[in-house]
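**Student:** I need the structure of the sequence given here:
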Amino acid sequence: MPKKIPLRQCVGCGEMKGKKEMMRVLRTAEGEICLDTTGKKNGRGAYLCKSGDCLKKARKNKGLERSFKMSIPNEVYDSLEKEFENLEAE
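**Tutor:** Numbers count the residues shown, from 1 in each chain. Presented below is the predicted three-dimensional model:
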């Protein structure tokens, strides 16, 4: 049997994609929100396509708020955007 690829839904655009193609945004037990580049850290994860556009969409449609069931301050989004830009620059 072929190996099943784990699919995840982008909280920005709503598309289903393979887990490996996506960025994981993590909420830790302390309530901190950060990018999980390894995909292995403990906490509640939400997935985004690897594009800044999807992050902007998620900000607009409150996709991360829904996933994490909490309100997310603007500075968290700003720091996520910075992290995204750094990754895209690599």
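
**Student:** could you say what helices and strands the lengthiest helix in the chain packs with?
**Tutor:** Secondary structure of the chain per DSSP state H: the longest helix is helix 74-89. Contact partners of helix 74-89 among helices and strands, from 3 or more CB pairs under 8 Å, 6 or more residues apart in numbering; DSSP states H and E: strand 22-27, strand 33-36, helix 52-61. From N, CA and C alone the C-beta is placed, and that goes for glycine too.

**Student:** To residue 76, which of the ones you listed lies closest?
**Tutor:** strand 33-36 (5.1 Å; CB to CB).

**Student:** Which residue comes closest to residue 18 once chain neighbours are left out?
**Tutor:** Nearest non-adjacent residue to residue 18, counting by CB to CB, 6 or more residues apart in numbering: residue 5, 4.8 Å away.

**Student:** Oops, could you answer that again for residue 12 instead?
**Tutor:** With CB to CB, 6+ apart as the criterion, residue 12 has its nearest non-adjacent residue at 3.0 Å, and that residue is residue 54.

**Student:** Surely the one you found touches residue 13?
**Tutor:** Yes - the pair residue 54 / residue 13 is scored as a contact, 5.3 Å apart, by CB atoms under 8 Å.

**Student:** Who has more neighbours out of the two?
**Tutor:** residue 54 (22 against 16; other CB atoms under 10 Å).

**Student:** Point out where the chain drops to low pLDDT.
**Tutor:** The chain contains residues with pLDDT under 70 at 90.

**Student:** hmm, back to that, comparing the helices and strands packed on helix 74-89, which comes out most buried?
**Tutor:** strand 22-27 (a mean of 22; mean count of other CB atoms under 10 Å).

**Student:** that older thread, so who does the residue nearest to residue 12 touch?
**Tutor:** Residue 54 makes contact with 10, 11, 12, 13, 48 under the criterion CB atoms under 8 Å, 6 or more residues apart in numbering.
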